[in-house]
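Peer 1: Next one to model:
(chains A and B, ligands or ions: 2)
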There are 2 protein chains.
Amino acid sequence: MNTENTPEIDIIKASQSKISQVDFDNLTFGNTFTDHMLVCDFKEGQWQKPVIKPYEPFLIDPSAKVFHYGQAIFEGMKAYRDANNQVWLFRPDQNMDRFNKSATRLAMPEVPKDIFIGGLKQLVALEEQWVKGGKGNSLYIRPFMIAVGSGVIAQPSTQYRFMIILSPAKSYYSGEVKVIIAEHYSRAANGGIGAAKAAGNYSAQFYPTKLANEQGFQQIIWTDDATHTKLEEAGTMNVFFRINDTLITAPTSERILDGVTRKSLLDIAQKEGIQVDVRSLTVDELVKAAQDGSLKEMFGAGTAAVVSPIKGFQYQEHYYELTPQDQPMALFLKEKLTNIQYKLEDDPFGWTVHV
Amino acid sequence: MNTENTPEIDIIKASQSKISQVDFDNLTFGNTFTDHMLVCDFKEGQWQKPVIKPYEPFLIDPSAKVFHYGQAIFEGMKAYRDANNQVWLFRPDQNMDRFNKSATRLAMPEVPKDIFIGGLKQLVALEEQWVKGGKGNSLYIRPFMIAVGSGVIAQPSTQYRFMIILSPAKSYYSGEVKVIIAEHYSRAANGGIGAAKAAGNYSAQFYPTKLANEQGFQQIIWTDDATHTKLEEAGTMNVFFRINDTLITAPTSERILDGVTRKSLLDIAQKEGIQVDVRSLTVDELVKAAQDGSLKEMFGAGTAAVVSPIKGFQYQEHYYELTPQDQPMALFLKEKLTNIQYKLEDDPFGWTVHV
Ligand SMILES: Cc1ncc(COP(=O)(O)O)c(C=O)c1O
Ligand SMILES: Cc1ncc(COP(=O)(O)O)c(C=O)c1O
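Peer 2: Numbers count the residues shown, from 1 in each chain, chains lettered A, B, ... in the order given. Ligands and ions are numbered 1, 2, ... in the order given. Purely as a prediction, here's the structure:
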C-alpha cells in the first residue's frame, strides 16, 4: 500500500514568508532556513501525528537525553528544480533506509515511510518557491531525530522528536582542497557507530580537523583506527582515488558511511565503462602512486559538495601535489550525476522522484 | 588568586520549592531535579555572567549544533551530607579538569574555575536541603555543556551553554550484576573520543547494551576495538579484577575514561597495602583465572554506583560465575571510600571540599 504521499499532517502556516529577505546569491551553507519545518513526536511507543509549522525554536528539558547521551541522528539530501520548473528529490528512499539503520544502531525507533518520505514531500511542496532553478542551486533537506525524554541516566530515551528542516544552498566547498592523511586520530571504531549518521561522529572530528586546518589542510582523510594503513573516508564525504584509469574507493563497512553519492557515482562509472575497484587502498599504495605518477586524481563525494576535487595530500610531513588532468574523471562524473539530478539528461537508473 | 567562591552570579529564585512533593525514599536515579539550575552562556568568544534560576525547559533552535553534530560533554559528581550536617563535594577539581579535557577534545571552550567550581558551590549551597543525610544518600551533580549555535554545517559552534543541574540520589545499581565481554561491538576507537565524557560515547553503547540486556546481562565489559583481547571498562564504570590478592585495572588511555572513583580506589588500595597492578588484563587471562579459581572478584567503579560487584561474566557462549568471597575487597574499598566521602573517617588525601 502506497500511502507515502498522503500522511495525515496538520499544517500551521507561517503568517508571513521570510523569503524576500534572503539573498540567494550569497548563501553560506546551512545557515538560512525556510519558513516551515516538520515535527513528529514519538511517545508511549508510537509516532504521533506529524505537524508542519513555522520554523522556530522549541522548548526542551535540560535533562533531555540528547544533551547528555548524544542520542541523535540525521540525514542530508537535496531537492532540485529542473528547466521545466519541476522539483525533484534524489534517491530519498536511500536516505530513509540509512536513517532507519542509524536509528537502530542508536537504539531509536524507525521512522515510517509515510512520515519520512510523505512528510518530506509535503514540506518541500509547501516550500517549493525556496528551490531555486539553475545548476548548483538546491534546497538542502535535513531530517533528524533527537531523544527528548528527560533523565540523567545513561539509557535509551522513551521519547523522541523527528524533524525536517530545509536550507536553500549553493555549493558547499569552493575550489580544490588539500587534505592530510590521519596518522593518529580516528573517526570510527570497529564495532562502533561509524556507519551511522550519528551526531556524535561529527563533533569527534572537530578537534583533529581544527589541527589540520591550522596546518593548511581543509580536510582529513581518515584511516582505520587500528593500523592507520587503510584509507577510509573524509569528514562528510567518501573518497575516490584514480590510479591510472581505475577508480578506487573503499568498501563500506561498520566504520564507513554508505554514501548515496558514492554508490551513485560507482553506478555511473560502471555504466560509462570506467574501471572501478571497490577495495581498501593503503596509504603505502597511495604514496607510491603519487611518487610514480600513476595517481591521477583524488576526490571527495557527498551530497553537500557533490564531488570535491583534491589538489594534494600530506602524509608524514611530506606533501604530495597531484598533477592537474586535462579531462578529470571527477568533473566528468560530477557532470553526469548533476545532469541526472537536474533532469538535463535521462535518468536511466530511476533515481529522481517528483515532488 | 582564589576567586572560586565568589563568582558574580545572578540568582533568580523559584517562587516555591518542589521539595515537599519528593519521595526521597523511592527515588529512581536521575529523574528528579532540584528547584534551580546554573546557566552560563558562551558567545562572542567569552563566557557571560552565570545565572542561577528555576529549573525549567529552555528554548533552542532546531538547527543547534548539539542536535546535529553532538557537540556535548558532561560530568557526574556528588555532594554528601555528614553526621554534623555539613555538605561536602568529593574531588570536584578532578571533574573540572576532566570536563575541560573533554571540552578541548570536542573543540569546545574550557569553563573557568570560578564558573565551574564557584558556580557549583553556590548552586549546591542554595539547594542544600536537597542533600539528605545518611550513607548512600547524595545529591548527584550534572555539569554539562552543549553547542547552541545554529547551522547545519559540520563545524564547531561559536555559541555554547554550560549548565549544572542537580538530582537527589540513592544508589544506582541494586544487587550484583552479570556482565558480558564484548566480542564484536566497541565503545571507543584508537585516536577517538573514548577518554572524553562526550555525549556521543553513551548513545553508541545503547544498542549493544540492549542486546546484552536481552541475553540477561546488565552490563558489557568493553574490549579494545582492534583485537577484542584487552579488557577496558564498562558503560559508565571502570572495571577492577582481583586475581588472588592482586587488584588489576586497565591503565587509562585514549579509549578509557580516567575515572575519579578508579583513581581514588587505587590510592586507597595502595595505602591499605593491597597489591595493585595497573595493566591491561586480557580476556584469555580472565578466562584462565576464572577456570583455575584465582579470579576472586570483579567490580565496576564509578561515581553513580561507587562500587558495583560483578557476579559473573559471559564470554563466547560460556558463563563463568565467581565464587562469593567472605571478605570481598570490593566492599572493603567501597566502605573506605564512602567513609571518606561521608566524613566518617579521616580524609588523609584531602579529597573532600566543604560547601
Ligand atoms: C561521514 C560521511 N561520509 C560520507 C558522506 C556522503 O554521503 P552522501 O553521499 O549520502 O551525502 C557523508 C555525508 O552525507 C558523511 O557524513
Ligand atoms: C565511560 C565511563 N567510565 C568510567 C566512569 C567512572 O568515572 P567516575 O569514577 O569519575 O565517575 C564513567 C562515569 O562517570 C564513565 O562514563
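
Peer 1: who's in contact with the residue of chain A found nearest chain B?
Peer 2: Closest residue of chain A to chain B, CB to the nearest CB: residue A:200 (1.7 Å). For every residue, glycine as well, the C-beta is placed using N, CA and C. Under the criterion of CB atoms under 8 Å, 6 or more residues apart in numbering or on different chains, the contact list for residue A:200 reads A:70, A:72, A:193, B:70, B:193, B:198, B:199, B:200, B:201, B:203, B:204.

Peer 1: Now do the domain split for chain A, please.
Peer 2: For chain A, automatic domain parsing gives the domain ranges A:10-171, A:177-341.

Peer 1: returning to what we had before: can you put the contacts of residue A:200 in TSV and add secondary structure?
Peer 2: Below are the contacts of residue A:200 laid out as TSV (DSSP: H, G, I helix; E, B strand; the rest coil):
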residue	secondary structure
A:70	coil
A:72	strand
A:193	coil
B:70	coil
B:193	coil
B:198	strand
B:199	helix
B:200	helix
B:201	helix
B:203	helix
B:204	helix
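
Peer 1: Between these, which sits nearest ligand 2?
Peer 2: Proximity of the contacts of residue A:200 to ligand 2, judged by CB to the nearest ligand atom, is greatest for residue B:201, which lies at 6.6 Å.

Peer 1: That closest one and residue B:318, how far apart?
Peer 2: Using CB to CB, to the nearest Å, one obtains 29 Å as the distance from residue B:201 to residue B:318.

Peer 1: Kindly tell me how buried whichever residue of the stretch 51-200 of chain A sits closest to ligand 1 is, as a neighbour count.
Peer 2: Ranked by CB to the nearest ligand atom, the top residue of the stretch 51-200 of chain A for proximity to ligand 1 is residue A:76, at 4.7 Å. Neighbouring residues of residue A:76 were enumerated by other CB atoms under 10 Å in any protein chain shown; the total is 20.

Peer 1: What about the nearest residue to it once chain neighbours are set aside, how many residues nearby?
Peer 2: For residue A:76, the nearest residue in space outside its immediate sequence neighbours is residue A:303; the separation is 4.9 Å by CB to CB, 6 or more residues apart in numbering or on different chains. Neighbourhood size, residue A:303 [other CB under 10 Å]: 22.

Peer 1: Which pLDDT value goes with residue A:303?
Peer 2: Per-residue confidence at residue A:303 stands at 95 (pLDDT).

Peer 1: and the residue of chain A found nearest ligand 2, what does it touch?
Peer 2: At 7.3 Å from ligand 2, residue A:154 is the closest residue in chain A, using CB to the nearest ligand atom. If a contact means CB under 8 Å, 6+ apart, then residue A:154 has A:68, A:69, B:202, B:205, B:235, B:236 as its contacts.

Peer 1: quick one: which of the residues you listed is most hemmed in?
Peer 2: Of those, residue A:69 is surrounded by the most neighbours, 30 neighbours in total, counting by other CB under 10 Å.

Peer 1: follow-up on the earlier one: ramachandran angles for the residue of chain A closest to ligand 2?
Peer 2: When read as degrees, to the nearest 10, the backbone of residue A:154 gives phi -70, psi 80.

Peer 1: Name the nearest residue to it, ignoring sequence neighbours.
Peer 2: The shortest distance from residue A:154 to any non-neighbouring residue, by CB to CB, 6+ apart, is to residue B:202 (4.8 Å).

Peer 1: any idea where the strands of the stretch 201-350 of chain A begin and end?
Peer 2: Assigned by DSSP state E, counting those that start in this stretch, the stretch 201-350 of chain A shows strands spanning A:219-221, A:238-243, A:246-249, A:275-278, A:295-302, A:306-315, A:318-321.

Peer 1: Show me what residue A:141 is bridged to.
Peer 2: Per DSSP bridges, residues listed as beta-bridge partners of residue A:141: residue A:77, residue A:166.

Peer 1: Tell me where the stretch 151-300 of chain A is predicted with low confidence.
Peer 2: Regions of the stretch 151-300 of chain A meeting the criterion pLDDT under 70 cover residues A:171-174.

Peer 1: where do the helices sit along it?
Peer 2: In the stretch 151-300 of chain A, the segments counted as helices under DSSP state H, counting those that start in this stretch are A:199-214, A:260-271, A:283-292.

Peer 1: who in chain A is up against ligand 1?
Peer 2: Within chain A, the positions near ligand 1 by CB under 6 Å from any ligand atom are A:76, A:197, A:233, A:236-238, A:257, A:259-262, A:302-303.

Peer 1: Buried among those residues? Make that a ChimeraX selection.
Peer 2: ChimeraX command restricting the residues of chain A next to ligand 1 to the buried ones, with burial defined by 16 or more other CB atoms under 10 Å in any protein chain shown:
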select /A:76,197,233,236,237,238,257,259,260,261,262,302,303
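
Peer 1: farthest pair in the residues of chain A next to ligand 1?
Peer 2: Taking CB to CB as the measure, those span a maximum distance of 14.5 Å, between A:76 and A:233.

Peer 1: Tell me which of the helices of the stretch 151-300 of chain A is the most buried.
Peer 2: Using mean count of other CB atoms under 10 Å in any protein chain shown, the stretch among the helices of the stretch 151-300 of chain A with the greatest mean number of neighbours is helix A:199-214 (a mean of 22).

Peer 1: Check the offset of that one from the chain's centre.
Peer 2: When C-alpha coordinates are averaged (CA atoms, centre = their mean, to the nearest Å), helix A:199-214 and its chain have centres 16 Å apart.

Peer 1: what's the answer for stretch A:197-216, then?
Peer 2: The chain centre lies 16 Å from the centre of stretch A:197-216; the measure is CA atoms, centre = their mean.

Peer 1: how about that stretch, does it reach ligand 2?
Peer 2: No. Remark: stretch A:197-216 sits outside contact range of ligand 2, by CB under 6 Å from any ligand atom, the gap being at least 13.5 Å.

Peer 1: Just the CA atoms of that stretch, as CSV, please.
Peer 2: Provided in CSV are the C-alpha atoms of stretch A:197-216 (Å, rounded to 0.1, in the frame of the first residue of the first chain):
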residue,chain,number,x,y,z
LYS,A,197,24.9,9.2,10.6
ALA,A,198,25.0,9.7,14.4
ALA,A,199,25.6,13.2,15.7
GLY,A,200,28.4,12.2,17.9
ASN,A,201,30.6,11.1,14.9
TYR,A,202,30.9,14.6,13.7
SER,A,203,31.9,16.5,16.9
ALA,A,204,34.5,13.8,17.4
GLN,A,205,36.2,15.1,14.2
PHE,A,206,36.2,18.8,15.1
TYR,A,207,39.3,19.0,17.1
PRO,A,208,41.5,16.9,14.7
THR,A,209,40.1,18.9,11.8
LYS,A,210,40.9,22.2,13.6
LEU,A,211,44.5,21.0,13.9
ALA,A,212,44.5,20.1,10.2
ASN,A,213,43.1,23.5,9.3
GLU,A,214,45.8,25.2,11.3
GLN,A,215,48.4,23.3,9.2
GLY,A,216,46.7,24.5,6.0
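
Peer 1: Quick check: end-to-end length of stretch A:160-179?
Peer 2: 37 Å (CA to CA, to the nearest Å).

Peer 1: Tell me the bridge partners for residue A:240.
Peer 2: With DSSP bridges applied, the residues forming beta bridges to residue A:240 are residue A:249, residue A:299.

Peer 1: Check the gap between the residue of chain A positioned farthest from its centre and ligand 1 for me.
Peer 2: Counting by CA atoms, centre = their mean, the extreme residue of chain A relative to its mean C-alpha position is residue A:292, 33.5 Å from that point. As judged by CB to the nearest ligand atom, to the nearest Å, residue A:292 and ligand 1 stand 29 Å apart.

Peer 1: Against residue A:320, how distant is that residue?
Peer 2: Here residue A:292 is placed at a distance of 11 Å from residue A:320 (CB to CB).

Peer 1: Check residue A:234 too.
Peer 2: In this structure, residue A:234 and residue A:320 are 16 Å apart, going by CB to CB.
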